[in-house]
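Visitor: mind folding the following:
(one chain, ligands or ions: 2)
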Amino acid sequence: MASRVAIIGAGPSGLAQLHAFCEARKKGADVPELVCFEKQSDWGGLWNYTWRTGTDEYGELVHSSMYRYLWSNGPKECLEFADYTFEDHFGRPIPSFPPREALFDYITGRAAKSDVRRFIQFSTAVRWVSFEEERGTFRVTVERLNDRDTRTEEFDHVIVASGHFSVPNTPAYDGFRQFPGRIMHSHDVRDAQEFTGKRLLVLGSSYSAEDIALQSRKYGAESVTISYRTAPMGFEWPDGIEEVPLLREVDGRTAHFADGTTRDVDVIVLCTGYQHYFPYIEDSLRLRTTNVLYPPNLYKGVFWLDNPRLAYLGMQDQYYTFTLFDAEAWYARDHVLGRIFLPPREEMEEDIAAWRAREAELADPLEQIDFQADHMEELLKEVDYPAFDVQVTRDAFKAWEHHKEESIIGYRDRAFASPCTGTMAPLHHEAWWDEMDDSMSTFLGDGRRRDEFSASAAPRPA
Ligand SMILES: Cc1cc2nc3c(=O)[nH]c(=O)nc-3n(C[C@H](O)[C@H](O)[C@H](O)COP(=O)(O)OP(=O)(O)OC[C@H]3O[C@@H](n4cnc5c(N)ncnc54)[C@H](O)[C@@H]3O)c2cc1C
Ligand SMILES: NC(=O)c1ccc[n+]([C@@H]2O[C@H](COP(=O)([O-])OP(=O)(O)OC[C@H]3O[C@@H](n4cnc5c(N)ncnc54)[C@H](OP(=O)(O)O)[C@@H]3O)[C@@H](O)[C@H]2O)c1
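Guide: Ligands and ions are numbered 1, 2, ... in the order given. Below you'll find the model as predicted:
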């Protein structure tokens, strides 16, 4: 059996991995030594909000891409831990679309309960991972950031859980160098009130573009123009938001689009996605992929084909998040514990190819949801993760897609049933579009509204 396992990152995926091992130990398994390296000073990954942008207190790239007023963009029922439900954590049913602080509280609540913090070395960045053929072990070099102490340790397994929504993809367009306003990536957005009274140009047509456009207008941006590359999102946008084809160039403040139209803008926000970026992993072990549902060279979406003692968690584009990470973590754990055996390389290669061929044929988001649910269920059926009703989550995701089409400002005002307890969520006491306060206490209805919003800080769009 393996004697040492390194886990890189203490976000939702890394915490799921630590928790999975703790659950096995509770049931009597002989669990190897676990060491989790986390470069931030606290856990939660992207959910660990920071006011910082650029570099952190140690000169490291800031990891979190989250901003104030970020609410879950999918129903919480589709990411509920089957062994630690929302009712377990909050003591009562809560609405289906919680703000960031409540989700952070939930993720870290389970981690605290299973006491996984003792395995985590915080403010410790992994600098290099390589494999020593002769010894058959990984060498992991880490730097303790507060005293710059660098050391190398040996491990039998390495589990990469360092996320892939942190390092921005930043395309350039003609005229950017001369643009007289601010150009920034969504990774660096922290507070939409920065855009109050401004005319925004948002590039991109995915979740960040949708959410930053909506909340900028919600908090008082004068107008938002969204420019798409491949296809418009096509929602019925509220007054003040519109979608136009791809940007051609910027001339002074004037943006020129592919359809020949122009708009004068004050700020440009690149909602152009992220790069899978693993500078600390040697070439032969490094995952190279775009943001897809089934990345190349990962058997079961987890194991590095050329060396399955290296696992990657959460590397997919994500409809499912926390439950998918749990499924992957349980599966990776059981491989480490010698409970799951992987087939010969050729078979693994064929399996990956079949999944990727299927992904290439997916026609729409509804098929993508089933694809990812199938992937998750394939893992779940071989591990002892508590049962939950995956069909309920498939249906919820599909209903959510329709709700977004019906009303892009109203889809968060819907309620879903838990796939674990069956309980129907209550509605939030305020419509999302009118709710300016994203604090957990206001969300839970047991706190005072924040003063800054009591006198309507920003002029509101209709
Ligand atoms: C803006 C935004 C909003 C989102 N909103 C939602 C949402 O509403 N609902 C939802 O379900 N999902 C959402 N997501 C998806 C998100 O990917 C997952 O919820 C989740 O955070 C992924 O967890 P993870 O642990 O895989 O990665 P991360 O959360 O990125 O955590 C990775 C961890 O690894 C650490 N790390 C990185 N490099 C190193 C290193 N070299 N050494 C040591 N540690 C390292 C990081 O500091 C971090 O703590 C959102 C993503 C973004 C970008
Ligand atoms: N809770 C929330 O409300 C919330 C908010 C924001 C983000 N998120 C999460 O964050 C994750 C990342 O989402 P994301 O939207 O940042 O990334 P993403 O889903 O990868 O989308 C990237 C977008 O950038 C566009 N793009 C890429 N290069 C471009 C270029 N050169 N010019 C113009 N457009 C370009 C892409 O267009 P094409 O379609 O043409 O490729 C695509 O629309 C998702 O998991 C999402 O759920 C959640």
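Visitor: can you pull the contacts of the closest residue to Ser123 other than its chain neighbours?
Guide: The spatially closest residue to Ser123, leaving aside those adjacent along the chain, is Leu145, at 4.5 Å (C-beta to C-beta, 6 or more residues apart in numbering). (C-beta placed from N, C-alpha, C; glycine too.) For Leu145, the contacting residues are 39, 58, 60, 123-125, by C-beta atoms under 8 Å, 6 or more residues apart in numbering.
Visitor: for the residue in the stretch 101-250 of the chain positioned nearest to ligand 1, grab the count of nearby residues.
Guide: For the stretch 101-250 of the chain, the residue positioned closest to ligand 1 under C-beta to the nearest ligand atom is Gly163, at a distance of 2.1 Å. For Gly163, the neighbour count with other C-beta atoms under 10 Å is 24.
Visitor: equivalent analysis for Asp434, please.
Guide: Close neighbours of Asp434, defined as other C-beta under 10 Å, add up to 10.
Visitor: can you confirm it is in a helix?
Guide: No. Remark: Asp434 does not belong to a helix; assigned using DSSP: H, G, I helix; E, B strand; the rest coil, it is coil.
Visitor: ligand 1 versus that one, what's the distance?
Guide: In this structure, Asp434 and ligand 1 are separated by 20 Å, where distance is defined by C-beta to the nearest ligand atom, to the nearest Å.
Visitor: how about the secondary structure of the residue sitting furthest away from the middle of the chain?
Guide: Of all residues in the chain, the one whose C-alpha sits farthest from the chain's mean C-alpha position, using C-alpha atoms, centre = their mean, is Glu134 at 36.9 Å. At Glu134, secondary structure determined by three-state DSSP is coil.
Visitor: contacting residues around it?
Guide: The neighbours of Glu134, taking C-beta under 8 Å, 6+ apart as the test, come to nothing; the list is empty.
Visitor: just to revisit the earlier point, assumed the residue of the stretch 101-250 of the chain closest to ligand 1 was part of a strand.
Guide: No. With three-state DSSP as the criterion, Gly163 is coil rather than part of a strand.
Visitor: for it, what are its contacts?
Guide: Going by C-beta under 8 Å, 6+ apart, Gly163 touches 9, 11, 13, 45-46, 63, 314.
Visitor: narrow those residues to those in helices?
Guide: Ser13 (DSSP state H).
Visitor: just the closest of the contacts of Gly163 to Cys271, please.
Guide: When those are ranked by distance to Cys271 (C-beta to C-beta), Leu46 comes first, at 15.5 Å.
Visitor: right, and the closest one touches Gly11 too?
Guide: Yes. Taking C-beta atoms under 8 Å as the contact criterion, Leu46 and Gly11 are neighbours in contact, 6.2 Å apart.
Visitor: which of those two has more residues huddled nearby?
Guide: Taking other C-beta under 10 Å, Leu46 and Gly11 do not tie; Gly11 has more neighbours (26 against 17).
Visitor: residues contacting Ile369?
Guide: Residues touching Ile369, when contacts are defined by C-beta under 8 Å, 6+ apart, comprise 319, 394, 397-398, 401.
Visitor: also Gln17?
Guide: For Gln17, the contacting residues are 7, 36, 159, 161, 313, 329, 332-333, by C-beta under 8 Å, 6+ apart.
Visitor: is it in a helix, a strand, or coil?
Guide: Look at Gln17: counting by three-state DSSP, its state is helix.
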